[in-house]
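**Q** got a sequence here, can you model it:
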Amino acid sequence: QREAVLASPEAPPSPCVSICKIDSKTQWCEGCYRTLPEIAAWSRMDDTARREVWAAMGPRLENAA
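**A** Take a look at the predicted model:
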């Protein structure tokens with residue numbers, strides 16, 4: 001899904017999957033792999049910033065595996 005969001009001209013949707021738990025080691029949400037500051041700022045981010053968050057989620061997911 002991440003690649004499709006990054007390639008789409010549409011506004012990036014929230015990556016939230018309603019599994020809201022912050023990992024104490026990584027400080028990433030275990031559901032969407034965003035940080036608390038990213039989650040808090042999401043509604044105020046422009047599309048470019050949202051795409052940057054989506055792009056950052058890939059390496060985080062790979063690192064968590």
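
**Q** the helices in the chain, which residues?
**A** All helices of the chain, identified by DSSP state H, fall at 2-7, 36-41, 47-64.

**Q** list the buried residues in the longest one.
**A** Of the residues in helix 47-64, those with enough neighbours to count as buried (16 or more other CB atoms under 10 Å) are Arg50, Arg51, Val53, Trp54, Ala56, Met57, Arg60. C-betas here are computed from N, CA, C, even on glycine.

**Q** ok so, going back, would JSON lines of the helices of the chain with distance to Pro13 and mean pLDDT be doable?
**A** Converted to JSON lines, those look like this (distance: least, CB to CB, whole Å; pLDDT from 0 to 100):
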{"stretch": "helix 2-7", "distance to Pro13": "7", "mean pLDDT": "92"}
{"stretch": "helix 36-41", "distance to Pro13": "14", "mean pLDDT": "98"}
{"stretch": "helix 47-64", "distance to Pro13": "9", "mean pLDDT": "92"}
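
**Q** among the ones you listed, which is nearest Lys25?
**A** Ranking the helices of the chain by proximity to Lys25 (CB to CB) places helix 47-64 first, at 9.6 Å.

**Q** the closest one packs against which elements?
**A** Applying 3 or more CB pairs under 8 Å, 6 or more residues apart in numbering; DSSP states H and E, one finds that helix 47-64 makes contact with helix 2-7.

**Q** which residues sit against the helix it packs on?
**A** Defining contact as CB atoms under 8 Å, 6 or more residues apart in numbering, one finds that helix 2-7 is touched by Pro12, Pro13, Pro15, Arg51, Trp54, Ala55, Met57, Gly58.

**Q** just stretch 13-23 next, same as before
**A** Taking CB under 8 Å, 6+ apart as the rule, stretch 13-23 contacts 5, 28-34, 36, 39, 42, 53-54, 57, 64.

**Q** which two among the residues you listed are spaced furthest apart?
**A** Val5 and Leu36 (21.0 Å).

**Q** look at those two and report which has more neighbours.
**A** Taking other CB atoms under 10 Å, Val5 and Leu36 do not tie; Val5 has more neighbours (17 against 11).
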